[in-house]
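K.L.:
here's a sequence, model it:
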Amino acid sequence: MDLESVPQEGNATLGGHRKAMYAKDANGRMVIAPSAGWEAEEIVTSHAVESLHAQAEQARERVKAGLASPLEFWMYERRMDVALLSQTSGFWQWRVKRHLRPEGFAKLSIKHLARYAEALGIAPAALQTLP
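P.N.:
This is a model prediction of the structure:
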C-alpha cells in the first residue's frame, strides 16, 4: 500500500487513537504510517465484540443453570477463548476445558484459581462468582 493510500476514514473502535500501518513511501521504502482506520475494520471489530458479548451472556445462563463454571463466563467476558486462556494461564487446553465444567472447577486449588485470576485480570474471589 502506498503512503497516500493509508486509510484515514476513522474507526470508533479505536477510541480516537491511531494505529501503525506499513506503507511504501515515495522512494519505495517501507515506512510506518499512522492510520485512523477504516469503516470495514470497524464493522468487523464490532461484530466480533458483539459475538463475544453474546457468548458471555450465554455462559452466564449456563453458570446459573449449573451447566458451566464461572470460569467460562469470565473467559468470554475478557474476550478470550480456550486456546488464549490456556496460553495466558499456562494450563493445557484439555485442563482448561475440564475446569469449564462445574465439577472440575470445584476441585481447583487456591494456587490454580490464582493463576486463572491473574490471566483474566480479576481477583481470585471474583473468579468464583458472577458479576
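
K.L.:
only C-alpha atoms for contact and neighbour calcs from this point on.
P.N.:
OK.

K.L.:
which phi and psi does Arg78 have?
P.N.:
The phi/psi pair for Arg78 (degrees, to the nearest 10) reads phi -90, psi 10.

K.L.:
adjust the sequence numbering to begin at 308 for everything that follows.
P.N.:
All set: I'll call the first residue 308, so the last point we hit is now Arg385.

K.L.:
ok, so what distance separates it from Met337?
P.N.:
In this view, Arg385 and Met337 are 35 Å apart by CA to CA, to the nearest Å.

K.L.:
just Leu392 next, same as before
P.N.:
For Leu392 relative to Met337 (CA to CA), the value is 35 Å.

K.L.:
more neighbours: those two, which one.
P.N.:
Neighbours per residue (other CA atoms under 10 Å) separate Leu392 from Met337, with Leu392 holding more: 21 against 15.

K.L.:
buried residues in the helix or strand hosting that one, which are they?
P.N.:
Leu392 is part of helix 389-396 when elements are defined by DSSP states H and E. For helix 389-396, the neighbour count (16 or more other CA atoms under 10 Å) marks 389, 392-393, 396 as buried.

K.L.:
quick one, strands of this protein?
P.N.:
Secondary structure of the chain (DSSP state E): strands located at 326-331, 337-342.

K.L.:
for the longest helix seen in the chain, buried residues please.
P.N.:
The single longest helix within the chain, with elements called by DSSP state H, is helix 346-371. For helix 346-371, the buried set under the neighbour-count rule, 16+ other CA under 10 Å, comprises 349, 352, 359-360, 362-363, 366-367, 369-370.

K.L.:
ok, now how distant is the residue nearest to the spatial centre of the chain from Ala432?
P.N.:
By CA atoms, centre = their mean, the chain has its centre lying nearest to Arg386, at 2.6 Å. From Arg386 over to Ala432 the distance is 20 Å, taken as CA to CA.

K.L.:
now Ala375
P.N.:
Ala375 sits 17 Å away from Ala432, going by CA to CA.

K.L.:
have a look at the two and say which one is more surrounded.
P.N.:
Ranked by neighbour count (other CA under 10 Å), Ala375 and Ala432 place Ala375 first, with 21 against 11.
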